[in-house]
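# please work out how this folds:
(2 chains)
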Amino acid sequence: DQQVKQNSPSLSVQEGRISILNCDYTNSMFDYFLWYKKYPAEGPTFLISISSIKDKNEDGRFTVFLNKSAKHLSLHIVPSQPGDSAVYFCAASSTGNQFYFGTGTSLTVIP
Amino acid sequence: GAGVSQSPSNKVTEKGKDVELRCDPISGHTALYWYRQRLGQGLEFLIYFQGNSAPDKSGLPSDRFSAERTGESVSTLTIQRTQQEDSAVYLCASSLQGYYEQYFGPGTRLTVT
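Sure thing, here's the model as predicted:
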């Protein structure tokens, strides 16, 4: 039962363009959402988060948008850089105890 | 400061053997999580420790899996009588109390032959 879904396993973007990574969830009780970035042979690293009381959170080149009615969130990276090439996971929680992760989207930024 | 560390980084074991995986969280982090990532899958929650509270074991897939944590420090995840479907990367993460952001270790890749 996959409560958090990332339907695009991979994405390729030209350097300097916008990368948009999408995530859908099914549980309306989720109230906190996070994005993590993962390089090969390393653990995921926290990137950006958003609480359900907001619909947008921005941190430098990274912006997360939350659409609660559609149960959808997205991560925008502008401008994309080659160093952004990694696997991106979205995660959601309603309790802070259990976090549900998507299967990840592999982003390749082409120089 | 030091991040989350895990050992061993790789473990190959025969089916039926027991394995023990170790996690050293960031000092001062009261919360500790174990996850499993099978090939091509997302991270699957296993267990959560918060301070001295009873752990949330609801994600453990079977009674062959158990975990312990000594106070607010080291945690060990034990898998008894390993099966081939236990092959995965096991990730540990820690966080400060009241914060949702988790800091992950590099993981232990377990291969059961």
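# give me the three-state assignment for residue 21.
No chain in the question, so chain A it is. Classification of residue A:21 using DSSP: H, G, I helix; E, B strand; the rest coil returns strand.
# ok now do it, which residues does it touch?
Contacts of residue A:21 were listed using C-beta atoms under 8 Å, 6 or more residues apart in numbering or on different chains, and they are A:6, A:8, A:11, A:35, A:74, A:75, A:77, A:88, A:90, A:105, A:107. (C-beta placed from N, C-alpha, C; glycine too.)
# okay but residue A:43 is in contact with residue B:90, surely?
No - using C-beta atoms under 8 Å as the test, residue A:43 is too far from residue B:90 to be in contact (10.7 Å).
# residues from chain B in reach of chain A?
B:4, B:33, B:35, B:40-45, B:48, B:50, B:56, B:58-59, B:91, B:93, B:100-107 (C-beta under 8 Å from any C-beta of the partner chain).
# any of the residues you listed buried? List them.
With burial judged by 16 or more other C-beta atoms under 10 Å in any protein chain shown, the buried subset of the residues of chain B next to chain A is B:4, B:33, B:35, B:42-45, B:48, B:50, B:56, B:59, B:91, B:93, B:100, B:102-107.
# tally of neighbours for the residue in chain A positioned nearest to chain B?
Per C-beta to the nearest C-beta, residue A:43 is where chain A lies closest to chain B, at 3.1 Å. Residues lying near residue A:43 (other C-beta atoms under 10 Å in any protein chain shown) number 23.
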